[in-house]
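I'll drop the sequence and a predicted model, then ask my questions.
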Protein chains: 2
Amino acid sequence: MTVLAATSSEPTRLTSAQRVLSILGVFSSEHLALSLSEISRRTGLTLTTTHRLVNELRTWGALRRDNDGRYTIGLRILELGTLAPQGLQLREVALPFLDDLRHATHANIHLAVADGHDVIYIESLRARHGVPVLSRLGGRWPMHATGTGLVLLAYSSQEFQEEVLRSKLRQFTAQTVTCPEALRVRLAEVRKSGVAITENQLTQDALAIAAPIRGPRDAVVAAVGVTVPTGSASPHSLVPALAATARGISRALGAPSATPVSGVPVSSPPRIRGLNRSVPRQGR
Amino acid sequence: MTVLAATSSEPTRLTSAQRVLSILGVFSSEHLALSLSEISRRTGLTLTTTHRLVNELRTWGALRRDNDGRYTIGLRILELGTLAPQGLQLREVALPFLDDLRHATHANIHLAVADGHDVIYIESLRARHGVPVLSRLGGRWPMHATGTGLVLLAYSSQEFQEEVLRSKLRQFTAQTVTCPEALRVRLAEVRKSGVAITENQLTQDALAIAAPIRGPRDAVVAAVGVTVPTGSASPHSLVPALAATARGISRALGAPSATPVSGVPVSSPPRIRGLNRSVPRQGR
DNA sequence: ACGGAACTTCCGTCGAACGGAAGACCGTTT
DNA sequence: AAACGGTCTTCCGTTCGACGGAAGTTCCGT
């Protein structure tokens, strides 16, 4: 009744859709299982509302109740996620190539696409006895600190590049490059050489090499990267294999620049929804 | 206000959370990209409501607007889905074993877990020149019609088995076994032999062999399966390799029955949230 | 036995979600 | 050209369901 004192930070008016999404949003790789009251606290929703929404999510299959009473993400969400067009569909095409690359290099392999200012790994193969790395399938990391991210950024629009460079760039290690000017230079190098070679950007003692993957209209749609321990014997020797893999995947996607001049593709060029850029239909 | 005529099928009162989820629910492997009005029609929501909710979902990253104006599932959902504990975490452990199996058998390999009356494939590796199969990562198929599903069902509780057998069992091919009594016999065979061997159940000309994977408390948490064309040379020769793979993954998960009697595990048994069954805390 | 914490249920109030209607913007047809 | 069917977008008044407080229940630890 009385005026709410300014004790709380913000009034935070939320729509009911946002409430639902905020519940899903509190789950992360550090918080795989949460109790009801933990969800309530972390979302800022009242316990009653949390209780009701969580149950609706559980009924639908978005959440699952663990045996110890805590909630986790349900398989229905995993199922849904595989429908993302730039995601596991692309993965399907690329997987054989990535497997070859892993056997040839004994390195950790990543396939990444852009989402916002980040990359998301849509595949992550770790070498049998390779160094453990942070990158998991589904992992999200800032573009400026990853090899694959630098590649994707280098081939983005000028405006987008500046938007990213203007944002706050997190420093992960002492060597992480966060200076916009230095990054512009690096991006130019990537465009010139066609590969990104970065060291100790996201984690110490890791060297990453990445190359662009092109789609049907030669647009860069993904990036493939290998990660090896810093100081590995001749990391530059990995570049040819990586470039061949990127080219192979691009060709399988129907990229003109990777297709033999004969013109006729060997197999039917797979149509992947969302990778085939076309002109928007309606204006505004 | 005048009484609504009985023109429409049901009144279908939905909560706002259900409305949000119903929008996500209309996406499927057959409908990867939908226009606003398609979503509206398929959910039964008014265009206005659909418009508002779809935009909230897009802002959050659950949906993505395609270049042709249609909507697809966004990478944020893929990211979320990887947090499902029985999902890609288990996959991480199993992947090296599955890769070995693929190279040894040149067959299509699946890793499946139970969800409702279905199995969901949390990994699907196709042999380099193997027969194309329906199973995609994230794919969902009824238990009674898949090899991995039969295994998971065979090791489920008696009540759950009966619940599934009582439900409507879809017939996929002329040979699909849908008779409850015949299925009970098959389930008993699976429990006795430890493997399921099925033929032409989901698709014609496919033979599937599957075996259970056990977790920390020896509970069956997943199943691994291989699929080969019907009439392949000696499918039974695949059983030992499959059993070894299942046992290897079980051991890596810390299953007592797959761990050497010495007792001390070689490496730290990975704790995967949701696989470690424990007694529920609160009642009701 | 007591106190605290987490979870669940009930219920009256209120405001946000809802849908109708109208406008903007296509592409196609006559 | 004009009319039409389709899709998408914006606006706004009304209503009903989402919301949160409060009380009840169960389970811990002390």
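That came through, no problem. Numbers count the residues shown, from 1 in each chain, chains lettered A, B, ... in the order given.

close to chain B, is the longest helix along chain A?
In chain A, with assignment by DSSP state H, the single longest helix is helix A:88-105. Yes - applying C-beta under 8 Å from any C-beta of the partner chain, one finds helix A:88-105 touching chain B at A:Leu88, A:Arg91, A:Glu92, A:Leu95, A:Pro96, A:Asp99. All C-beta spots, glycine's among them, are computed from the backbone N, C-alpha and C.

what does that helix rub up against?
Residues outside helix A:88-105 that contact it (C-beta atoms under 8 Å, 6 or more residues apart in numbering or on different chains): A:81-82, A:107, A:109, A:111, A:113, A:122-123, A:125, A:127, A:213, A:221-222, A:224, A:226, A:228, A:238, A:241-242, A:245, A:248-249, A:252-253, A:270, A:272-273, A:275, B:78, B:99, B:125, B:128, B:136-138.

ok, so of the residues of helix A:88-105 next to chain B, who is nearest DNA strand C?
DNA strand C lies nearest to A:Leu88 out of the residues of helix A:88-105 next to chain B, by C-beta to the nearest atom of the strand, at 30.4 Å.

Count the neighbours of the closest one for me.
For A:Leu88, the neighbour count with other C-beta atoms under 10 Å in any protein chain shown is 21.

Mark which of the contacts of helix A:88-105 are buried, thanks.
A:81-82, A:107, A:109, A:111, A:113, A:122-123, A:125, A:127, A:213, A:221-222, A:224, A:226, A:228, A:238, A:241-242, A:245, A:248-249, A:252-253, A:272, A:275, B:78, B:99, B:125, B:136-138 (16 or more other C-beta atoms under 10 Å in any protein chain shown).

Now, those that are in strands?
A:109, A:111, A:113, A:122-123, A:125, A:213, A:221-222, A:224, A:226, A:228, B:125 (DSSP state E).

Need these in CSV (columns: distance to B:Gly69 and pLDDT).
Below are those laid out as CSV (distance: C-beta to C-beta, whole Å; pLDDT from 0 to 100):
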residue, distance to B:Gly69, pLDDT
A:Ile109, 35, 94
A:Leu111, 28, 97
A:Val113, 21, 97
A:Ile122, 24, 95
A:Glu123, 29, 93
A:Leu125, 35, 90
A:Ile213, 25, 97
A:Val221, 19, 96
A:Ala222, 23, 97
A:Val224, 30, 98
A:Val226, 37, 95
A:Val228, 43, 90
B:Leu125, 36, 90
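
so which of those residues would you say is closest to DNA strand C?
Closest to DNA strand C, out of all of those and judged by C-beta to the nearest atom of the strand, is A:Val221, at 25.0 Å.

Near the closest residue to that closest one other than its chain neighbours, how many other residues are there?
Nearest residue to A:Val221, sequence neighbours excluded (C-beta to C-beta, 6 or more residues apart in numbering or on different chains): A:Gly215, at 4.0 Å. A:Gly215 has 23 neighbouring residues, counting by other C-beta under 10 Å.

Now A:Gly215: phi and psi?
phi -110, psi -160 (degrees, to the nearest 10).

Repeat that for A:Leu34.
According to degrees, to the nearest 10, A:Leu34 has phi -130, psi 140.

just A:Gly194 next, same as before
phi 80, psi 0.

Got the confidence number for A:Val133?
A:Val133 carries a pLDDT value of 65.

Now look at stretch A:35-47 and say if it contacts chain B.
No - judged by C-beta under 8 Å from any C-beta, stretch A:35-47 makes no contact with chain B; its nearest approach is 9.3 Å.

Residues contacting that stretch, please?
A:12, A:19, A:22-23, A:25-26, A:31, A:34, A:50-51, A:53-54, A:69-71.

pLDDT check: weakest of the residues you listed?
Lowest pLDDT among these: A:Thr12, 64.

quick one: contacts for A:Ala154?
Contacts of A:Ala154 by C-beta under 8 Å, 6+ apart are A:Gln161, A:Leu187, A:Ala188, A:Val190, A:Arg191, A:Ala196, A:Pro212.

can you tell me which of those residues are in helices?
A:Gln161, A:Leu187, A:Ala188, A:Val190, A:Arg191.

rewinding a little: can you tell me which of the residues of helix A:88-105 next to chain B is closest to A:Ala258?
A:Pro96 (15.7 Å; C-beta to C-beta).

Please list the residues of the stretch 1-150 of chain A that sit near DNA strand C.
A:13-17, A:35-38, A:40, A:47-48, A:51, A:69-70 (C-beta under 7 Å from any atom of the strand).

ok, so of those residues, who is nearest B:Gly61?
A:Ala17 (12.9 Å).

For the least confident helix or strand in chain A by mean pLDDT, what is the distance to the chain centroid?
Lowest by mean pLDDT, DSSP states H and E among the helices and strands of chain A is helix A:88-105, with a mean of 90. Distance of helix A:88-105 from the chain centroid (C-alpha atoms, centre = their mean, to the nearest Å) equals 16 Å.

if I look at the closest residue to A:Gly139 other than its chain neighbours, how far off is A:Val26?
Leaving out its chain neighbours, the residue that sits closest to A:Gly139 by C-beta to C-beta, 6+ apart is A:Tyr121, at 4.8 Å. With distances taken as C-beta to C-beta, to the nearest Å, A:Tyr121 is found 22 Å from A:Val26.

ok, the two, which is more surrounded?
A:Tyr121 (25 against 17).

And the pLDDT at that one?
For A:Tyr121, pLDDT reads 96.

Buried residues, the longest helix of chain A. List them.
Those would be A:88-102, A:105, for helix A:88-105 by 16+ other C-beta under 10 Å.

repeat for stretch A:219-236
A:Val220, A:Val221, A:Ala222, A:Ala223, A:Val224, A:Gly225, A:Val226, A:Thr227, A:Val228, A:Ser232, A:Pro235.

how long is it from one end to the other?
26 Å (C-alpha to C-alpha, to the nearest Å).
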